[in-house]
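next come a sequence and a model predicted from it.
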Amino acid sequence: MRRLGAELQGRSLRDTLNFMSTHRSAYDRFATNDRLFACIRAMEDRLRARQRRNPVRYVPQDSIRAVYDQLQAGDIVALVSPIDGLDVAHTGLVYAPDDAETKGLLHASLSDGVMVSPDLQQYVQTIDRQIGMVVARPQFTR
């Protein structure tokens, strides 16, 4: 997996990455399990340390269309959240039809199942809880 944030000239994502530990009661699995909760806090600590060393970069929602030519079908898109402590709120894959200049998003909706949103920037702009996207490209080895 290779993050494309620098290539896409994305902005550094500054986030505390502590949403799960600060919202413990929202997660039934570790709301009453101290051992599991300790694992969540340790994971958040590792992610914060990694973020300080090598910040994740995201493309703001108004700039997504400008990077369409650099996106490939199958790139992984993580939609960035403005919620304190939460970096990503939704994920999907770049959908790139052969006959179109636009890029879409193949993703799953809780209410509608698997769907394709035909214009990635338009989709992100219509969701209040999204401010941009992080993109990663799978790296295949033979």
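Thanks, I have it.

so what's the gap between the helix or strand bottoming out on mean pLDDT in the chain and the chain middle?
Sorted by mean pLDDT, DSSP states H and E, the helices and strands of the chain end with helix 28-31, the least confident at a mean of 87. With Cα atoms, centre = their mean, to the nearest Å as the basis, helix 28-31 stands 23 Å off its chain's centre.

swap in stretch 88-108?
That offset, for stretch 88-108, works out to 13 Å (Cα atoms, centre = their mean).

cool, and stretch 11-19?
For stretch 11-19, the distance to the chain centre is 12 Å (Cα atoms, centre = their mean).

ok, longest helix in this structure?
helix 34-53 (DSSP state H).

who are the packing partners of that one?
Applying 3 or more Cβ pairs under 8 Å, 6 or more residues apart in numbering; DSSP states H and E, we find helix 34-53 packed against helix 19-22, helix 28-31. (C-beta placed from N, C-alpha, C; glycine too.)

to Pro97, which of the ones you listed lies closest?
helix 19-22 (34.7 Å; Cβ to Cβ).

hang on, isn't Pro82 packed against Ile127?
No: Pro82 is beyond contact range of Ile127, at 10.7 Å (criterion: Cβ atoms under 8 Å).

quick revisit: avg pLDDT for the longest helix of the chain?
Average pLDDT, helix 34-53: 92.

and what of stretch 65-73?
94.

now stretch 133-141
pLDDT averaged over stretch 133-141 gives 90.

distance between it and the chain's centre?
On Cα atoms, centre = their mean, the centre of stretch 133-141 falls 12 Å from the chain's centre.
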